[in-house]
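# what's the 3D shape of this:
(one chain, ligands or ions: 1)
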Amino acid sequence: MLIHLTAAGTSFVLDARGPRPPAVLHWGAALGELSDQELSAYADASVPANPPSSLDAPPYLSLLPTLGDGWNGRPAIPGAPLLEVTDVSQPSPGSVLVRLSAGELSVTTEIELSAQGVLRLRHTVAPSGSFEPGSLAVVLPVPARASELLDFGGIWAYERKPQRSPLRTGAWVRETRHGKPGHDDPYLMMLGTPGFTFRSGEVWAVHLAWSGDKQLWAEKSALGSTVLGAGELLAPGEMRLDGPYTTPWTVAVWSDQGIDGLSERLHTWIRSRRAPLKPRPVVLNTWEAVYFDHSLERLTALADAAAEVGVERFVLDDGWFRGRTDDRRALGDWTVDTARWPDGLQPLIDVVHARGMDFGLWLEPEMISPDSDLARAHPDWILGGPSAATWRHQLVLDLSRPAAYTYVLDRLDALLAEYPIAYVKWDHNRDVAQDGAAHRQTSALYRLMAELKRRFPALEIESCAAGGGRIDLGILDLVDRFWASDTNDALERQQIQRWTNVLMPPELLGSHVGAPVAHITGRTGALGFRLATSLFGHAGVEWDLTTTTADERALIGEWVAEYKKRRALLHGGTVVRSDGDDPERLVHGVVSPDRRTALFALVTLRAGAAAVPERMRFAGLDPDRSYVVRPLVLGGPPRTTQDAPPPWLADGEVTLPASVLMRVGLPPSLLTPEQAILFTVDAI
Ligand code: DGJ
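So this is what the prediction gives:
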């Protein structure tokens, strides 16, 4: 059977004529309607020449390549015997199901192409006497012209640092062994035509929808194939099958419009798969405001200030539970600390509700402090035992133990039943750091979250892992938001959000205005720059507002009002990042789906390369319309070096055809480093 899936300008052609495992003939640009005859002529014409010093048959790269059929690169199923197709079906026009077997081993491969052109693939292996799956993966061919690689590294508070290089012969393999994706998560591995940018070039990318250990790779073989691979990383012996094992989904996406084209497909697909989110409330998170210094009096003052600026959700961070006076103790003892909260959390919740906000609470359910009643009562529940190495003074609770799992579920259930908690900030501050535990721990986490969501359907959960250490499409089925990073320093956040946004839409990324002096970096940031940075996400405040002046609160209040006014655009629009000549100057924005309205930011990171920078171009507009562009100043005017602004800015607005705005652009303000200015762009 030859299968041609096509959607939104993408085609995927599979040769599943068997008996060999199916091969991907094409994944990329749409090929148009192909008749059965054309498809079969195309498949026949795809057979390459037979090169010397290779098998005595033309190279054939299947979806499950093995040594036996001539693939000596990284295998999809290590150790698998030669599989043969037993059945191919198309459960729907956009999906394919391939069944394969070899002796007692059976493998089912599911392939789906979404209406947005996003491809998903996974395998299920059914148990067989002698076969224990190693790390199963999806291997997808891409054309050899996709020779430039882009993925990510990162560390705590500096997540998603892009790294680019040419792909040479051999494999570029990224493995993560944190028991979560980690701060250095490769995240989305991209291969593109040389020099691909946000707005140009052909790009192929893979992501693994999984929150445990994983491997992503790009490989170029001497035989001439280039592939992208993705799969769960299993330790030797980790997977003992007593039932079928299904791999996580590999999500794969192609674009001929650069990285923004990938984002557009991914964002629209992610949005289409979720129930529409309620308008994302402006959050105040207490962490950098009070840390562990909890009292009703102090937090009431903070709630007063939060309500004054228009905050809609008040989140009580770490420090509220029994004995948690610092980060060295008490994880696992999930009852309210009566020393600081003698009447429980209800008095604070009443304060919060009376001021028109809903209430959120921090939890770290997968962890246990050695100094906790829980660890004293159940040392056997600690993963690796009580003498395992601590990290942030804490250990991992072995959630694969039914008793430990039930304890946590019961405690969380009791809290959520006792208090009206709209939102949980679900943290995870250390690596699992135990060989062979990541799969069962991640599976238990998913079960736990799913059960809580079943019991409390209105509950929202944020995935936080010491900042942005667990941001993936696996956990996204269970959570409503990600904490992109522990740093609220706007300069770092510009880059972190820019790149985290490549995969995740902005409404899912928490983005808070921090204090003038950023707590993690010590850098002082202008209010306007901080506000402009936090606007492009699920916005919030992480700053002790009781220390602000009335003028500052008025400016923050104006920003909150703008966020509320433009929420539908910010959280439903197309993310665009204009290409420019200077990496220190960013132009990015959000364009409404009907392209009638947009909001852009011009951002300077550090000193630019030229006194008068390149014009800023407004990407993603409707080429058949004209637009009026106006500056939007929030938090006070940005600092500039100019003796006089460009005349169009001095005039306060300009109306021009989209062709001019997109292709030629407008002269920008001469912003000093770490400044931003916003522009509203509205069709006339
Ligand atoms: C790490 C998180 O990322 C922070 O935002 C904060 O919640 C602390 N943990 C609390 O311990």
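# Can you tell me what sits against the helix or strand encompassing Val408?
Per DSSP states H and E: Val408 is located in helix 402-418. The list of residues contacting helix 402-418 from outside it, by C-beta atoms under 8 Å, 6 or more residues apart in numbering, reads 334-335, 344, 361, 363, 365, 374, 378, 381, 397-399, 421, 424, 444, 447-448, 451-452, 455-456, 459. The C-beta positions use only the backbone N, C-alpha and C, and glycine is treated the same way.
# could you redo the last one with a cut-off of 6 Å?
Surrounding helix 402-418, the residues in contact under the criterion C-beta atoms under 6 Å, 6 or more residues apart in numbering are 334, 365, 381, 397-399, 444, 456.
# Tell me which residues of that helix come out buried.
Neighbour-count burial for helix 402-418, counted by 16 or more other C-beta atoms under 10 Å, picks out 404-405, 407-409, 411-412, 415-416.
# what's the answer for stretch 572-580, then?
Buried positions in stretch 572-580, judged by neighbour count with 16+ other C-beta under 10 Å: 572-578, 580.
# now these as TSV including distance to Ser114?
Written out in TSV, the entries for the buried residues of stretch 572-580 read as follows (distance: C-beta to C-beta, whole Å):
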residue	distance to Ser114
Gly572	18
Gly573	20
Thr574	17
Val575	18
Val576	21
Arg577	23
Ser578	27
Gly580	32
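# quick one: which of those residues is nearest the ligand?
Distance from the ligand was checked for each of the buried residues of stretch 572-580 by C-beta to the nearest ligand atom. The minimum falls on Val575, at 24.0 Å.
# quick one: strands adjacent to the helix or strand the closest one falls within?
Using DSSP H and E, Val575 sits in strand 574-578. Note on strand 574-578: by DSSP bridges, its sheet partners are strand 585-591 (antiparallel).
# In JSON lines: the buried residues of helix 402-418, plus pLDDT.
Compiled in JSON lines, these are given as follows (pLDDT from 0 to 100):
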{"residue": "Ala404", "pLDDT": "98"}
{"residue": "Tyr405", "pLDDT": "98"}
{"residue": "Tyr407", "pLDDT": "98"}
{"residue": "Val408", "pLDDT": "98"}
{"residue": "Leu409", "pLDDT": "98"}
{"residue": "Arg411", "pLDDT": "98"}
{"residue": "Leu412", "pLDDT": "98"}
{"residue": "Leu415", "pLDDT": "98"}
{"residue": "Leu416", "pLDDT": "98"}
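# Quick check: mean pLDDT of the strand holding Val575?
Over the span of strand 574-578, the pLDDT mean works out to 97.
# Bridged to the closest residue to Leu39 other than its chain neighbours, which residues?
Taking C-beta to C-beta, 6 or more residues apart in numbering as the measure, Leu39 lies nearest to Leu2, with 4.7 Å between them; neighbours along the chain are not counted. As for beta bridges, Leu2 partners with Asp15 under DSSP bridges.
# In three-state terms, how would the nearest residue to Ala218 once chain neighbours are set aside be classified?
Closest residue to Ala218 apart from its sequence neighbours, by C-beta to C-beta, 6+ apart: Trp172 at 4.9 Å. Recorded secondary structure, Trp172: strand (DSSP: H, G, I helix; E, B strand; the rest coil).
# Kindly provide the distance from Trp172 to Ala235.
Taking C-beta to C-beta, to the nearest Å as the criterion, Trp172 is separated from Ala235 by 22 Å.
# how about the strand or helix carrying Val424: buried residues?
Counting by DSSP H and E, the element that carries Val424 is strand 423-426. Applying a neighbour-count criterion of 16+ other C-beta under 10 Å, one finds 423-426 buried in strand 423-426.
# In which helix or strand does Glu492 reside?
helix 490-500.
# So which elements touch the very next helix or strand once past that helix?
Towards the C-terminus, the helix or strand next in line after helix 490-500, according to DSSP H and E, is strand 509-514. For strand 509-514, the helices and strands in contact under the criterion 3 or more C-beta pairs under 6 Å, 6 or more residues apart in numbering; DSSP states H and E are strand 481-483, helix 527-535, strand 538-542.
# now the host helix or strand of His439 and helix 402-418, what's the angle there?
Per DSSP H and E, His439 falls inside helix 438-455. Orientation of helix 438-455 against helix 402-418 (axes from the mean of the first three to the mean of the last three C-alpha atoms, to 10 degrees) gives an angle of 30 degrees.
# Now find how far off-centre the helix or strand following helix 438-455 is within its chain.
Moving toward the C-terminus from helix 438-455, the first helix or strand encountered (DSSP H and E) is strand 460-463. For strand 460-463, the separation from the chain centroid amounts to 13 Å (computed by C-alpha atoms, centre = their mean, to the nearest Å).
# related to what we said a few turns ago, go through the contacts of helix 402-418 and name the one nearest Ala23.
Among the contacts of helix 402-418, Ala444 lies closest to Ala23 (C-beta to C-beta), at 37.1 Å.
# since we're on the residue lying closest to that closest one once chain neighbours are set aside, how many residues are nearby?
Nearest residue to Ala444 in three dimensions, chain neighbours excluded: Leu399, at 3.6 Å (C-beta to C-beta, 6+ apart). The tally of other residues near Leu399 (other C-beta atoms under 10 Å) stands at 24.
# any idea how far Arg324 lies from the ligand?
Applying C-beta to the nearest ligand atom, to the nearest Å, one obtains 9 Å for the distance of Arg324 from the ligand.
# pretty sure that residue is in contact with Ala330, am I right?
Yes. Applying C-beta atoms under 6 Å as the test, Arg324 and Ala330 come out as touching, 4.0 Å apart.
# which residues touch the residue nearest to Ala444?
If you count contacts by C-beta under 6 Å, 6+ apart, Leu399 has them with 405, 441, 444.
# helix/strand/coil for it?
Assigned state for Leu399: coil (three-state reduction, three-state DSSP).
# And for Gly229?
When the structure is split into helix, strand and coil by three-state DSSP, Gly229 lands in strand.
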